[in-house]
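*Asks:* Next come a sequence and a model predicted from it.
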Amino acid sequence: GVMDMDDDDTTAGPDASTEGAYVRFGQIAATGPDFDALGEGMAKGNIHIAGREDGDRFDLSAGSEATRQRQEALLQEFENRRRQRALAVTTDDKEVRRQLRELGEPMTLFAEKEMERRDRLRKLLAALDELDGGVLPVPDEALVVENVDVQRELFYTEGTAGLMRARAAVASYSLPRAAARVAMAKKRRVDPNVDEVAELDAAAAATARFATECSQIGDERPLSTCRFSPGDGGGLVLTAGWSGTLRLWRTDDACKRVLTVKAHEDRCTGADFHPTACAAMLGATEGTVDGGPSEAVAMGTACADGVAHLWSVGGKHLRSLKGHADRLARMAFHPSGELVATAGFDHTWRLWSVETGDELLCQEGHSRAVYDVSFHPDGSLAASVGLEAHGRVWDLRVGKCITTLVGHVKQCLSVDFSPNGYQIVTGSDDHTARVWDLRKRGCVYTIPAHSRLISAVRYEPTAGGYFVTSSYDHAVKVWSARDFSCINTLRGHDAKVMCADVAPGGATCCTVSYDRTLKLWRQQGGGTRAGAGGVKFEEGGVLEVKEE
C-alpha cells in the first residue's frame, strides 16, 4: 500500500522516536541544545564566529605586515613633504642662518649652498611641527601651483602688422640662405677632393697653438660681455661691464682702446655687434665715418635696469628699447641686421625693430627668467635658455616652438648655433655643456666640461670646427665640434671668466673676467690671423673661403 506522510515526518531522523529532539537546518544557533557542539567545533578550529569574545583572531602574514608598514612609511613621507611645501621659509640667507642657530643646528655645513641651507631649515621646521601634532595650513600660493589648470588646446595670440611684416622678411631672408647652405653641404659631401672630417679636425687641432697675445684692464668693475665685430672678421672687440661702460678695442693694434661710452647707470648685462659692424666704420677720426657722424646702428647694450640701447660705432645713442618688466640678461642681433632680441628676467624674450626701436614680439613660454638668446645662421630660428634649466627653439617665421631642450639639471645660461645649421650647444650651472641635434630633436652628447658654472658657449662662426666654453673655474676650454674632445685649456685669468667669443676664421679668441681684464688669444706658429689670409669678408658679414 501507499504510506501516508504528514508534516511531522519532515523532522524525522535518528532520534525521531525521542520526544523533544530536533534536527536543525540552516544557520547554527549560538544558544539552545546544540551550543556545546558549537563550542567543541570552535575549540578544534573547525568553526569561526567573528565578533564574539571567544572567536578566533588571525595575525597578518609576514608579507602583508611588511606591505602595511611600507604604506604607512609612504603616507608619512607624503605628509612630511606637504608640511615642507606649506612652510613659508624666508629666502634671506642671513635670516635662515639666524633661525638655524636658534634651533641649535649648525648655521652652515661643508660645501652647503644657500638653497640647500634653506631646504634644511624647512625640513627641521616640518619635523618640529610633526612632533607638536599641529596641522599646517597650505598657503594660497601653494594651492595655486598644485591646482593649476594645464592649457592643452592650441590657441593663437593676434600679432601686429609690424610683426607680420617682420616674419615675412625673416622668411624671405632665411629661405635662400638655407637653400644655399644645404646645396653647398651636398656638393661638398659628394666632392672626392673634400674631406670634411679632416677639415674639422685641422681647425680644432690649430687651437692647440692658442696663446695670450695681450691683456688689458677693461674696466674699474668686473666685465660681463665681449664680442668680436663680424663685418671684418674681428677687427674690433666690444666689452661691457658692471660699471655700465661700453668700450671698443682694436685687435690689430695690441688691443688699443678706441672708444669709451657711459652706456648705462646700472650694470651692463649683455652686448652685441650689428652683423655689418667693422673697424672701417670708425673712419679716420673716432666717432666719424667719411668725415661725418655715423647714424647707422653698430652695436647694442642691455642693462639691469630693464632697458636696452642701440649705438652708432662712434658711441652716439640712437634708440632705447623699453618694454621689459624686469632686468635684462643677454641680447643678440638677427643675422639680417633688421631685428634684435633681448632676454629678460620677466620670463620673456622680446624682438625689436632695429630701424624704429618698436617692440615686435613679446615671446612667452618660459616659466622662469630667460638668460640668453641666439639666432640660427640662416636667420630662421631662435634659441632661448633660462633659469628653468630648459631651452626652447622657435621658428621665427611662424612663431611656434619647434622643440624643447630638456636635459640640464640646473639653470641654463648660454646657447649658440653651429654654422652647420643643425647643432646647438648649451652651457649650464650643472657644470656641463650639451650638444643638441635639431634633426634628432635631442641631446647627442653631454660634456662634463668644468668644475663650476659655465658662463658662455660660442662656436667658431665660419666653419664651426670647434667651440669654446668659459667657466667660473677661471678657465676657458676649446672643444672639437666633431668628437667633442678637449683640445686646449686657456688659463690666465685670476677670477671667474664671465664671457668668451671667437672671431670669424677661428684664429682669435677673446675672454673677459671678474678680475676686470680683457685677454686676447691667438694661434701662434703658423696660424692665420682673423680677417686675413684665406678668409674673404663680403658686405653684410658673409664669409667666403678663398683657395690658396
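*Replies:* Here it is on my side, so go on.
*Asks:* shouldn't residue 364 be in contact with residue 346?
*Replies:* No. In this structure, residue 364 is not within contact of residue 346 by CB atoms under 8 Å, at 9.5 Å. C-beta here means a position set from N, CA and C on the backbone, and glycine is covered the same way.
*Asks:* Give the residue from the two that has the larger number of neighbours.
*Replies:* A direct count of neighbours by other CB atoms under 10 Å for residue 364 and residue 346 places residue 346 higher, at 19 against 11.
*Asks:* for that one, what are its contacts?
*Replies:* 324-326, 369 (CB atoms under 8 Å, 6 or more residues apart in numbering).
*Asks:* Top of those residues by number of neighbours, please.
*Replies:* Neighbour-wise, the contacts of residue 346 (other CB under 10 Å) top out at residue 324, 25 neighbours.
*Asks:* now it: how far from residue 417?
*Replies:* To residue 417, residue 324 is 24 Å away according to CB to CB, to the nearest Å.
*Asks:* Ok, residue 329 next?
*Replies:* Distance from residue 329 to residue 417, by CB to CB: 18 Å.
*Asks:* Likewise for residue 430?
*Replies:* 21 Å.
*Asks:* And these two? Which one has more around it.
*Replies:* Taking other CB under 10 Å, residue 430 and residue 417 do not tie; residue 417 has more neighbours (23 against 18).
*Asks:* Please name the nearest non-neighbouring residue to the more buried one.
*Replies:* residue 376 (5.1 Å; CB to CB, 6 or more residues apart in numbering).
*Asks:* neighbours of that neighbour, just the number please.
*Replies:* 25.
*Asks:* Quick check: it touching residue 395?
*Replies:* No. In this structure, residue 376 is not within contact of residue 395 by CB under 8 Å, at 9.6 Å.
*Asks:* overlap in contacts of those two?
*Replies:* Counting by CB under 8 Å, 6+ apart, nothing touches both residue 376 and residue 395.
*Asks:* So residue 436 versus residue 500, what's the distance?
*Replies:* Residue 436 is 20 Å from residue 500, by CB to CB.
*Asks:* Looking at the two, which one has more neighbours?
*Replies:* Shown here are residue 436 and residue 500; by other CB under 10 Å, residue 500 has more neighbours (27 against 24).
*Asks:* Backbone dihedrals for residue 225, both of them.
*Replies:* In terms of degrees, to the nearest 10, the main-chain angles of residue 225 are phi -150, psi 150.
*Asks:* didn't it look like it was pressed against residue 270?
*Replies:* Yes. Using CB under 8 Å, residue 225 is in contact with residue 270, at 5.6 Å.
*Asks:* which one of the contacts of residue 346 sits closest to residue 185?
*Replies:* Nearest to residue 185 out of the contacts of residue 346 is residue 369 (CB to CB; 36.2 Å).
*Asks:* So residue 454 is in contact with residue 413, correct?
*Replies:* Yes. The criterion here is CB under 8 Å, and residue 454 meets it with residue 413 at 6.7 Å.
*Asks:* what residues do the two have in common as contacts?
*Replies:* 427-429.
*Asks:* Cross these against strands and list the overlap.
*Replies:* Among those, DSSP state E puts 427-428 in strands.
*Asks:* Looking at neighbours, which among the shared contacts of residue 454 and residue 413 is most surrounded?
*Replies:* residue 427 (30 neighbours).
*Asks:* Chain neighbours aside, what residue packs nearest to it?
*Replies:* Excluding the flanking residues, the one nearest residue 427 by CB to CB, 6+ apart is residue 454, at 3.4 Å.
*Asks:* From residue 432, how far out is the one you found?
*Replies:* Going from residue 454 to residue 432 by CB to CB gives 7 Å.
*Asks:* the more surrounded of these two?
*Replies:* A direct count of neighbours by other CB under 10 Å for residue 454 and residue 432 places residue 454 higher, at 27 against 19.
*Asks:* list the contacts for the more buried one?
*Replies:* Applying CB under 8 Å, 6+ apart to residue 454 gives the contacts 413-414, 427-429, 431-433, 469-471.
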